[in-house]
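Sequence first, predicted model second:
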Protein chains: 2
Amino acid sequence: MSAITAMQALVADDMDAVNSTILKRMDSPVVLIPELAGHLVNSGGKRLRPMLTLASAQLAGYTGNKHIGLATAVEFIHTATLLHDDVVDGSALRRGKKPANLIWGNQATVLVGDFLFSRAFELMVESDSLRVLKILAGTSAVIAEGEVLQLTIANDLSTGEDKYLQVITAKTAVLFAAACEVSGVVAGDNPEVSSALDAYGRNLGIAFQLVDDALDYASQRAAMGKEVGDDFREGKITLPVILAFRRGDDDERAFWKQTMQRLKQDDGDLEKAIALLHKHDTLSDTIERARHYGAMAKDALAIFKDSEAKSAMMGIVDFCISRSY
Amino acid sequence: MSAITAMQALVADDMDAVNSTILKRMDSPVVLIPELAGHLVNSGGKRLRPMLTLASAQLAGYTGNKHIGLATAVEFIHTATLLHDDVVDGSALRRGKKPANLIWGNQATVLVGDFLFSRAFELMVESDSLRVLKILAGTSAVIAEGEVLQLTIANDLSTGEDKYLQVITAKTAVLFAAACEVSGVVAGDNPEVSSALDAYGRNLGIAFQLVDDALDYASQRAAMGKEVGDDFREGKITLPVILAFRRGDDDERAFWKQTMQRLKQDDGDLEKAIALLHKHDTLSDTIERARHYGAMAKDALAIFKDSEAKSAMMGIVDFCISRSY
């Protein structure tokens, strides 16, 4: 049984409850809301984040039902963020699956994101835990801050690995961390348990984003129906490029500046970029970095005794990293 | 002393504390955030909503300091909503003061809105009151729902007064209501006090928006540095037009359909529209409706004994309505 199948089996019943809650809570008499939200919610994502909340609840020995609403809240925050990411300026259209903003416009997309974010907030309040609310409120602020930071360093090849790590921690890893930690909190908030879950989620989230950024240049991806090179076309500076820019010679740096800073791209430039990443081994080095964070995520779970939940959560780390093959 | 001056004097010390809290909480090491947020925050608004939170706290006899953070949260929610309102599609640019999205782009504007909304959420959590959180979470969801509803009925002249009232209640009045009610809650949550404050805020908010929608066609406004006719140019269906469309003859209805449904507008059309509103007295009738809700707002305060706070809050109702002259 693969790691993802094991995880899906572990949380199957709870995930059914989450899926019902998602449908119930994204509903509205204003029909455009479930229509637009459903476009993304039903697009076949793995629901990795709510899955982590559910597995963490099991690992922490939680027997109540607050984790269902919290897992839904986590998925809504994630979905709202995706909708707001889709908002574009002028000609900067996205490729791949038609994003919501191209069907319904920027305004509706932003507002439905706000709606989901508010519904997430309502679901959290129902947990009756101020500590949960504090964690998730802080998480939302850090995500927004990370997204703005990412925007301000777009097209800037002077961005170093530290700044890049700061961005992916803020925009991705803190939600993974919160998704896990909140289950520890509702399970009694033993500080050792809650902080272990937080550390697991945070490191897993960093590993996940590193792999995601490598996959954006991995041509096998085309076979999976996903676009290759979105980050390149947008001039988004991620680790594979940060490393290749530093390891390259003057000609190569001129190429990166031309294509990613000034966004002057010709046919064949993406292929040339991918060739340079391979030349300097930066895709495999990015995956290597992901393994490092993955190892930390696994070590964070060492305090828990063996269980089906622990195995599934250990397995998901390998799954997130091996997506690259 | 005018009503607004009396209100400002009543809450002067608390408003200083709110202004400091606004500056502190919109700050971030990501400099674009305070820069973009400051553009709107420092644009000289009257801070009517936080003012209502502060006055309501006095009226309810509250002696703690949680109202400062809550007033800041209310202003942040309002500001985030304005930023998200500024997001436009393609050529639909706004007039008047240059909105944030035209300076920094749609994406940054959306993300800074999200940041402020998250900071509002953090401030609310600090009130340590689940009841306050419940009210404000519900409020945010209703605002987003109202904004989407407004979008779906844009350019639709079949919109009736009921639907219009539903929109302005959701997008404007519920935040006024929550701004007042939360002070009642932290002051001890006497149900009679909290629900009186809620009713005051809700009716004041409806009156405020009715007047705002009439003012959009009031030419005296040009003297105040504001644009006249924004709603007309966008085809936003508000009460003055709803009434004029119904009261008009076939030629007039054809004119409204041409200009507001199909958005085919020529020079002189705004002037013609304003002339039709005057012909059918729909601006003064809109103000008349506002007076009705204003009277209900005042009656909601009847349970409180006379005080400086009560006078100021009664006065603000008249102020909101008489802005139209």
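Thanks, I have it.

Could you check the pLDDT of the closest residue to chain B within the stretch 201-325 of chain A?
Closest contact between the stretch 201-325 of chain A and chain B, by CB to the nearest CB, is at A:E234 (10.9 Å). The way it works is simple: take the backbone N, C-alpha and C, and place the C-beta from them, glycine included. A:E234 carries a pLDDT score of 88 in this model.

Please tell me I have it right and it contacts A:A154.
Yes. At 7.2 Å, A:E234 counts as touching A:A154 under the criterion of CB atoms under 8 Å.

Looks like A:V193 contacts A:V185 (just checking).
No. Using CB under 8 Å, A:V193 is not in contact with A:V185, being 9.0 Å away.

neighbour-wise, which of the two wins?
Between A:V193 and A:V185, counted using other CB atoms under 10 Å in any protein chain shown, A:V185 has the larger neighbour count: 26 against 22.

So what's the residue count around the residue of the stretch 201-325 of chain A closest to chain B?
Neighbours of A:E234 under the rule other CB under 10 Å: 15.

Likewise for A:D16?
Number of residues near A:D16 (other CB under 10 Å) recorded here: 11.

Give the residue spans of the stretch 201-325 of chain A that score low on pLDDT.
A:219-226, A:324-325 (pLDDT under 70).

Next one: the residue of the stretch 201-325 of chain A closest to chain B from B:T259, what distance?
Using CB to CB, to the nearest Å, A:E234 is found at 39 Å from B:T259.

so the closest residue to A:I22 other than its chain neighbours is in which element?
With CB to CB, 6 or more residues apart in numbering or on different chains as the criterion, A:I22 has its nearest non-adjacent residue at 5.5 Å, and that residue is A:T72. Element membership for A:T72, per DSSP states H and E: helix A:66-85.

Write out the residues of the stretch 101-250 of chain A neighbouring chain B.
Near chain B, the residues belonging to the stretch 101-250 of chain A are A:105-108, A:110-112, A:114-115, A:117-119, A:121-122, A:124-125, A:128, A:130, A:133-134, A:137-138, A:140-141, A:143-145, A:147-149, A:151-152 when assessed by CB under 8 Å from any CB of the partner chain.

next SSE after the helix or strand in which A:A275 is found?
Per DSSP H and E, A:A275 falls inside helix A:269-279. Downstream of helix A:269-279, the first helix or strand assigned by DSSP H and E is helix A:282-300.

so what does that following helix touch, helix or strand wise?
Judged by 3 or more CB pairs under 8 Å, 6 or more residues apart in numbering or on different chains; DSSP states H and E, helix A:282-300 is in contact with helix A:191-215, helix A:239-247, helix A:308-322.

Just confirm A:E75 contacts A:M51, I think it does.
No. Under the criterion of CB under 8 Å, A:E75 is not in contact with A:M51, lying 9.4 Å apart.

hey, where'd the helices end up in the stretch 101-250 of chain A?
A:106-125, A:130-152, A:161-168, A:174-186, A:191-215, A:230-234, A:239-247, A:250-256 (DSSP state H, counting those that start in this stretch).

buried residues in the third one?
It stands for helix A:161-168. For helix A:161-168, the neighbour count (16 or more other CB atoms under 10 Å in any protein chain shown) marks A:Y164, A:L165, A:Q166, A:V167, A:I168 as buried.

Could you do the last one as well?
Neighbour counts using 16+ other CB under 10 Å place A:E252, A:F255, A:W256 of helix A:250-256 among the buried residues.

for the second one, same thing?
Residues A:130, A:132-152 are the ones in helix A:130-152 that count as buried (16+ other CB under 10 Å).

Quick check: the gap between the nearest residue to A:S127 once chain neighbours are set aside and chain B.
Leaving aside its chain neighbours, A:S127 sits nearest to A:K66 (4.9 Å; criterion: CB to CB, 6+ apart). Look at A:K66 and chain B: by CB to the nearest CB, to the nearest Å, they are 13 Å apart.

per-residue pLDDT, A:K66?
You'll see A:K66 listed with a pLDDT of 97.

can you check A:D156 too?
93.

Now do the contacts for it.
A:I237, A:Q261 (CB atoms under 8 Å, 6 or more residues apart in numbering or on different chains).

how many other residues sit next to the residue nearest to A:S127?
21.

likewise A:N65?
11.

The residue nearest to it when sequence neighbours are not counted sits in which helix or strand?
What sits nearest to A:N65 in space, not counting adjacent residues and going by CB to CB, 6+ apart, is A:A17, at 7.8 Å. A:A17 is located in helix A:12-25, with elements delineated by DSSP H and E.

residues of stretch A:269-281 that come out buried?
A:D269, A:L270, A:A273, A:I274, A:L276, A:L277, A:H280.

higher neighbour count, A:E75 and A:M51?
Neighbour comparison, A:E75 and A:M51: the larger count goes to A:E75, with 28 against 25 (by other CB under 10 Å).

thought A:T152 was touching B:V30?
Yes. Assessed by CB under 8 Å, A:T152 is found in contact with B:V30 at 6.5 Å.

wait, A:L239 sits on A:D162?
No. Using CB under 8 Å, A:L239 is not in contact with A:D162; the gap is 11.1 Å.

ok, now which ones touch the residue nearest the centre of chain A?
What sits nearest the mean C-alpha location of chain A, by CA atoms, centre = their mean, is A:T172, with 4.6 Å. Taking CB under 8 Å, 6+ apart as the contact definition, A:T172 lies against A:G146, A:G205, A:I206, A:F208, A:Q209.

Let me have those residues in a markdown table, adding distance to A:R289 as columns.
Output for the contacts of A:T172, formatted as a markdown table (distance: CB to CB, whole Å):
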| residue | distance to A:R289 |
| --- | --- |
| A:G146 | 18 |
| A:G205 | 13 |
| A:I206 | 9 |
| A:F208 | 12 |
| A:Q209 | 11 |
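
Please identify which of those residues is nearest to B:H39.
Checking the contacts of A:T172 against B:H39 by CB to CB gives A:G146 as the nearest, at 21.2 Å.

Relative to B:V30, how far out is the nearest residue to that closest one once chain neighbours are set aside?
Counting by CB to CB, 6+ apart, A:G146 lies nearest to A:A170, which is 2.5 Å off, once chain neighbours are set aside. Going from A:A170 to B:V30 by CB to CB gives 9 Å.

Perfect, that will be all.
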